[in-house]
Structures are given as C-alpha cells and as structure tokens.
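below are the sequence and a predicted model for it; my questions follow.
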Amino acid sequence: MTTIELQNWATQNPFYAISALIILNALLYFFTRNIIARGLIKLASHTSTKVDDILVKHLRPLRISWLAPLAFIFSFAFLFPQYEAAIRKISLFLIMWVSVITLIALLNALNEIYESRPSFNGVSIQSYLDIAKILIALVAVILSISLLSGESPIVLLTGLGALTAVLLLIFQDTILALVASIQIAAHELIKEGDWIEVPSYGADGDVINISLHAIKVQNFDKTITVIPTYKIVDTAYKNWRGMQESGGRRIQRSLLIDMTSMRFCDEDLLQELSKIDLIHDYLKTRMQAIDEYRRAHLDHYDSQLDGPQITNSEVFRAYIEAYLKSRSDIHQEGMPFLVRTLAPTPTGLPMELYFFTRTIQWEIYESIQSEIFDHLLAAASHFKLRVFQEPTGMDFSEFARGVARPA
C-alpha cells in the first residue's frame, strides 16, 4: 500500500486509523521501555565498570524510551492532513525537549565520570558544563519559539540584538560567574577537596562542589555554606591546599613563663639538670666554658654578672629544642624549626615553639600538639620555672587565709 493509498484509507476510516496508531504506538513504547531500556539497565548492573552505571543513572533509559513513540507519531502525521501541521509541531516540540533534557543529563554524567577518576586532582569542569547547558537550553528555547510561531530562527536572533542590554542585565550574575570560573580554573585558585576559610561567609571546611554560580563548602560541623562563584575572586579567603601538599602542618604556640621564676642556675641546679639525657652534652659544654672563663679571670670574678652565666629559662629552651628533635613525628629539616622567646608581656615571657608536624591529618595533628605541650607544662617545674596563669578564686582564698593566720 502506497503513502497516498494509506492516507486515503485513514481519511475514510478515521476511527480504525486512530485505533491502529494507538495500538502500534503502545506496542512500540512497551518494546522500547520494557525490552530495550530495562535491558540496558540490567546490563549495566552486571558490568564491573562504574561508567555505565553513572550513564544509566543520569540518562534514564526509561525516559529516553519516549522518543520512539513520539518519532512514530511524527512519521505518520500525514495520515491526518487536516491536523498534520499541528501534530508534527507538537511531536517535534516534545522530541526536541526530551532530547535537550537527555543531553543535559549526559553532561551531568560526564562531570560525574570525570570526578570519579582516580587521577582527578580537584580541578572542576562543572562551570564549563553549566555554560554548555545554558547554551543548549537557550538554543532549545529559540527553536521552540520558531517552531510554534513559524518564524525563522535567524529572524528571532536578529530581534535579540535590540534586547542585548536587557539580556546583559538579566544574565549579569551568569556573566560575572563565567569570568570568575575562568579565573579560578586558569590560576587554580580553588579545587574540589580543598580546605578553605572564608570568614565573611562563615565558611571553614572542604570544597565539595564548584559550579558556574555557586561554590559549596561543607564546614567541619557538617553544615553547608554556599558562596557565589563571582564573589570568591574579590573576597579574602585562606586556602589550606599548600599545607596539604607540603606534607606538614605548622604548630605555633607559646608557653608563658612567669618572669619572677627566672634566675641564674647555681651549681646544684646545673648538676641536677645534667642528669637529663637530652641536654647532658649541652650543659657539659656550657659548664666547661663557664669554668674556663672563671679560672682565667679569678682576680676579679666576684659576681655572677662577671662573665658568662646560664639561666634556667635558657636551659629549658635548649631542652624544648632537644625534645622536639627527638620526636619522629616532627619535621627536622626542610621546614622552619624554631624555639625562641618573644617580647615580655604583662602575662609573662612568651616562649614560642614554631615547627611542623609530619602529618596533615587533623586528629593526629591535634594529638601531637596536645602531647607536646602537656609534657612541657609538666617539665617546666624541673627547671625551677613557673608557667603563668591568671589567679583564680582558689588563689585568692589561700592568700586571704594566709593573711588572716595569726603570726
């Protein structure tokens, strides 16, 4: 039967023609949905690779199966000459938007496949894919208007020139985000997985997603902070990637020494401190130097200030340095290592420790820091030093009892 004969039969028997099309369309939809689409889903679930699972999750074969019956309707619209134009427009409109949704889903799948690779280094391509999605949607809207109005797309694009200012205003944030995304990617300012701090937005955590319009940060309290992409390039923030890539994390903390407990070491204290293995050789060398100077200047050596001396705070500082160097979890070379005293303050003499641990894991880092300062706070008294702390109610009550106690 030729096309013309089939068209004449459908015109003379519209009821049977419509019924036949509905039945054939239902069979075609049943076949594409339950045989082809479900077959692809089942096949993907039995493979070892995750790529097909990601494609199935985003593309949704059950949704794509609508293309077959829509294409069938479009192809046989000629059977109804009076409604052919309307049927073709509606079916073509639906085919186009199902295809657009599928194409956008494909871009989402490509982004997930890209980020799931073992070699993924945090450089996001989602911003560029978002731009592609906007362009696809824009083209689809223009084609839809052209299809429904019957006007040429070129005519519509020509008319858009007069609306440029309005479009720039509408898409202002998108344009700013696009420029920011290019800067972020070109200079590798931020990558997914980076730990960043953005005080103005209250963000302190890991970057979990970078899109065209927003950067999502999962804070350490498990809340999510969303920062506009174009804002990040003109906002002060700290990126901890350098620390993570260096393999070491800095500890910079001070012990506050009560300056009234500082004094020159006498012979008994030096002999006692010499028993500490970590500073035995250091004290032996210093004591020999002091003895040699004393013997060389016996004629006028009648004060502790006549010649070199050693203070208990100096010995403590040497002990801290030796103690840190004895630990295998501290970087000894290649990174700053410093133990020093800072300017005196009303709360004591700050003895600052500045060094790097060999780990960047937060829990281990905090454990190392706590262990070191617990040890040093307990060790200070062996050097006849007191660590400063503000007086408490207990201190004042003991002072009051001492004043009230009769002589």
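Good, I have the coordinates. Numbers count the residues shown, from 1 in each chain.

what comes up buried for the longest helix along the chain?
Longest helix in the chain by number of residues (criterion: DSSP state H): helix 84-115. By neighbour count with 16 or more other CB atoms under 10 Å, helix 84-115 contains the buried residues 87-96, 98, 100-102, 104-105, 107-112, 115. For every residue, glycine as well, the C-beta is placed using N, CA and C.

any idea of the pLDDT on L163?
We have a pLDDT of 61 for L163.

ditto for Y323
Reported pLDDT for Y323: 96.

not counting sequence-adjacent ones, nearest residue to it?
L278 (5.9 Å; CB to CB, 6 or more residues apart in numbering).

need the contact list for that neighbour.
319, 322-323, 326 (CB atoms under 8 Å, 6 or more residues apart in numbering).

what subset of the residues you listed is buried?
Burial by neighbour count, 16+ other CB under 10 Å: within those this picks out 319, 322-323.

check the gap between S152 and I64 for me.
As judged by CB to CB, to the nearest Å, S152 and I64 stand 30 Å apart.

more neighbours, those two?
Per other CB atoms under 10 Å, whichever of S152 and I64 has more neighbours is I64, with 19 against 10.

next, D206: secondary structure please.
Here D206 is recorded as strand under DSSP: H, G, I helix; E, B strand; the rest coil.

how about the strands in the stretch 301-407 of the chain?
With DSSP state E, counting those that start in this stretch as the criterion, the stretch 301-407 of the chain has strands at 338-341, 349-357.

what packs against whatever helix or strand A44 lives in?
Using DSSP states H and E, A44 sits in helix 38-45. Judged by 3 or more CB pairs under 8 Å, 6 or more residues apart in numbering; DSSP states H and E, helix 38-45 is in contact with helix 51-59, helix 61-64.

state the distance from N25 to I154.
35 Å.

between those two, which one's more packed in?
N25 (16 against 10).

what sits up against the host helix or strand of that one?
In this assignment (DSSP H and E), N25 forms part of helix 14-30. Helix 14-30 is contacted from outside by 9-10, 65-66, 68-69, 72-73, 76, 79-80, using CB under 8 Å, 6+ apart.

out of the residues you listed, which end up buried?
10, 65-66, 68-69, 72-73, 76, 79-80.

now those as a markdown table including pLDDT and distance to T357?
Listed next are these as a markdown table, based on pLDDT from 0 to 100; distance: CB to CB, whole Å:
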| residue | pLDDT | distance to T357 |
| --- | --- | --- |
| A10 | 59 | 81 |
| S65 | 79 | 57 |
| W66 | 80 | 58 |
| A68 | 81 | 62 |
| P69 | 82 | 64 |
| F72 | 78 | 67 |
| I73 | 80 | 68 |
| F76 | 71 | 73 |
| L79 | 71 | 78 |
| F80 | 72 | 78 |
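
what's the spacing between the residue of the chain positioned farthest from its centre and T235?
Distance from the centre of the chain peaks at D299, with 69.6 Å (CA atoms, centre = their mean). From D299 across to T235, the span is 70 Å (CB to CB).

please apply the same query to R294.
Using CB to CB, we find R294 at a distance of 63 Å from T235.

would you map out the domains in the protein?
3-183, 189-242, 247-263+315-407, 266-310 (automatic domain parsing).

ok, now which ones touch the residue farthest from the centre of the chain?
Taking CB under 8 Å, 6+ apart, one finds nothing in contact with D299.

doesn't it belong to a helix?
No - with three-state DSSP as the criterion, D299 is assigned coil and is not in a helix.

run the angle between the helix holding A44 and helix 51-59 for me.
Relative orientation of helix 38-45 versus helix 51-59 (axes from the mean of the first three to the mean of the last three CA atoms, to 10 degrees): 140 degrees.

list the buried residues in helix 38-45.
Quick answer for helix 38-45 (16+ other CB under 10 Å): 40-41, 44.

where does pLDDT dip in the stretch 101-250 of the chain?
Within the stretch 101-250 of the chain, the segments meeting pLDDT under 70 span 153, 155-168, 170.

now the helices: where do they sit in it?
126-149, 153-160, 164-170, 172-187, 241-246 (DSSP state H, counting those that start in this stretch).

follow-up on the earlier one: now, which of the buried ones among the contacts of L278 sits nearest K284?
Set against K284, the nearest of these by CB to CB is A322 (13.3 Å).

for the longest helix of the chain, packing partners?
Against helix 84-115 (3+ CB pairs under 8 Å, 6+ apart) you get helix 51-59, helix 61-64, helix 67-75, helix 126-149.

so how far is S91 from the nearest residue to F31 once chain neighbours are set aside?
In this structure, F31 finds its nearest non-sequential neighbour in A68, 7.9 Å apart by CB to CB, 6+ apart. Distance of A68 to S91, given as CB to CB: 12 Å.

same question for Y293.
104 Å.

ditto for R60
For R60, the distance to S91 - CB to CB - is 20 Å.

equivalent analysis for L342, please.
With CB to CB as the criterion, L342 and S91 are 79 Å apart.

same deal with S45?
Where S91 is concerned, S45 sits at a distance of 32 Å (CB to CB).

could you do L283 as well?
Applying CB to CB, the value for L283 to S91 is 94 Å.

then G205?
In terms of CB to CB, G205 sits 49 Å off from S91.

what's the answer for A109, then?
Taken as CB to CB, the span from A109 to S91 is 26 Å.

which of the strands of the stretch 301-407 of the chain has the highest mean neighbour count?
Mean neighbour count (mean count of other CB atoms under 10 Å) peaks for strand 349-357 among those, with a mean of 19.

show me what that strand is in contact with.
Applying CB under 8 Å, 6+ apart, the set of residues contacting strand 349-357 is 246, 248-257, 259, 262, 313, 316-317, 320, 324, 329-331, 335-343, 364-365, 368-369, 372.

I95 is in contact with A71, correct?
Yes - under the criterion of CB atoms under 8 Å, A71 makes contact with I95 at 6.5 Å.
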